[in-house]
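Asker: Pasting a predicted model and its sequence here:
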Amino acid sequence: MFQQPFRWNIQRRNELGGLLDGPEAETYPGFLDDLLLCCAKVIGYSDDSDLYFVGRSPESLFDHLSGLLLDSTWADRLRLVQFSMRWWTEDEIREKHPGAIEAMRDYLSDLELSPKALLKRERPAAFVDLIAYGETLGNLVKLLHRWSKESGVEWEAVQRKLRLVGITRKEKPSPKAWRWWQHAEWLPILERSNIKNLAVGNMFWSYLGNIQPKVTISHAPDRWAREDLLGPNWHEDHLKALRLAVQVFDLGCARERRLAFARAMSEERAMMYPWFRELAQEFSTASKRMVVRHASRHH
């Protein structure tokens, strides 16, 4: 029987109880400002898609946006995809971990990301992740590509429902620089116009990608078909990450934070698009009249 990998639902406070007693994961001065700006850019780069945050690195983006977008027209457009396949090929996984690919396909189907489900989507699905060389997003795209071919679904139609938002470190312009959105070997199977590169400051990228404790254990291929490994983890680092996740979610629910988000959105180039302007206006109008409610009231 299929079972999703576990992650605490931070909106259901009655299930967390004493887990929130204790310190949260440490950040750095300016982290919350950087987080807000990146959240605004992710929306702007999304092409009005549903957002799927891949792996563990963008956890804080998912959690903060979940608070910011709560009760908005975008409230149901965010998902986490627990997926780690950085150094593996699909054939290696099939050989060393029988049943793992099938389990991952079941999981993706549950998220409405199977090739057949993608074809039927009203809006595209945008995969959001931190990028060094692009292996994780590349392997996810290649997994979908092979799945599409094996199931007789036209890939050219499937890829039109996919978007990639890769979050990278800002670098000095150089004609010799290696850029994932130009040079990754898997890129030819996707339309170039569907790939966006979002450059952020080195401290923010390094914190999310290399330093920050995460709420969950990495969902690597050796775990995909192991239901006994999909439950909660009680290590203190994971609990500290859970408390930070709750903190950034709650902050996103606050009136002043939502007004700040509306201001950040107003600075984005995406304001040229009607769908983005409508969302920014929704935030600005709703935040001015909202009564701040404690997140424990949301179940």
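Answerer: Alright, I've got the coordinates. Please read these numbers as outputs of a predicted model, since none were measured by experiment. Residues are numbered from 1 along each chain as shown.

Asker: quick one: contacts for residue 276?
Answerer: Residue 276 is in contact with 43-44, 48, 265, 268, 270, counting by C-beta atoms under 8 Å, 6 or more residues apart in numbering. Yep, even glycine has a C-beta here, placed from its N, CA and C like the rest.

Asker: ok, it to residue 84 distance?
Answerer: Distance of residue 276 to residue 84, given as C-beta to C-beta, to the nearest Å: 31 Å.

Asker: any chance of the contacts of residue 276 in TSV, with neighbour count and distance to residue 135 too?
Answerer: Supplementary listing: those in TSV, determined by neighbours: other C-beta atoms under 10 Å; distance: C-beta to C-beta, whole Å:
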residue	neighbour count	distance to residue 135
43	27	25
44	23	25
48	18	27
265	22	31
268	17	29
270	20	28
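
Asker: Tabulate those residues (TSV), appending pLDDT and distance to residue 71.
Answerer: TSV is the format used below for these (pLDDT from 0 to 100; distance: C-beta to C-beta, whole Å):
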residue	pLDDT	distance to residue 71
43	98	16
44	97	21
48	97	19
265	96	17
268	96	22
270	97	22
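
Asker: now, which of those sits nearest residue 245?
Answerer: Taking C-beta to C-beta as the measure, residue 245 sits nearest to residue 43 out of the contacts of residue 276, at 19.3 Å.

Asker: can I assume the closest one sits in a helix?
Answerer: Yes: judged by DSSP: H, G, I helix; E, B strand; the rest coil, residue 43 forms part of a helix.

Asker: Going by residue numbers, what spans are strands in this protein?
Answerer: For the chain, applying DSSP state E gives strands covering 50-54, 78-81, 125-130, 162-169, 195-200.

Asker: What is the burial count for the nearest residue to residue 113 once chain neighbours are set aside?
Answerer: Once flanking residues are discounted, residue 113 sits nearest to residue 125: 6.2 Å by C-beta to C-beta, 6 or more residues apart in numbering. Residue 125 is flanked by 22 other residues according to other C-beta atoms under 10 Å.

Asker: what does the one 4 residues further on give?
Answerer: Residue neighbour count, defined by other C-beta under 10 Å, stands at 23 for residue 129.

Asker: try the one 3 residues further on
Answerer: By other C-beta under 10 Å, the residues close to residue 132 number 15.
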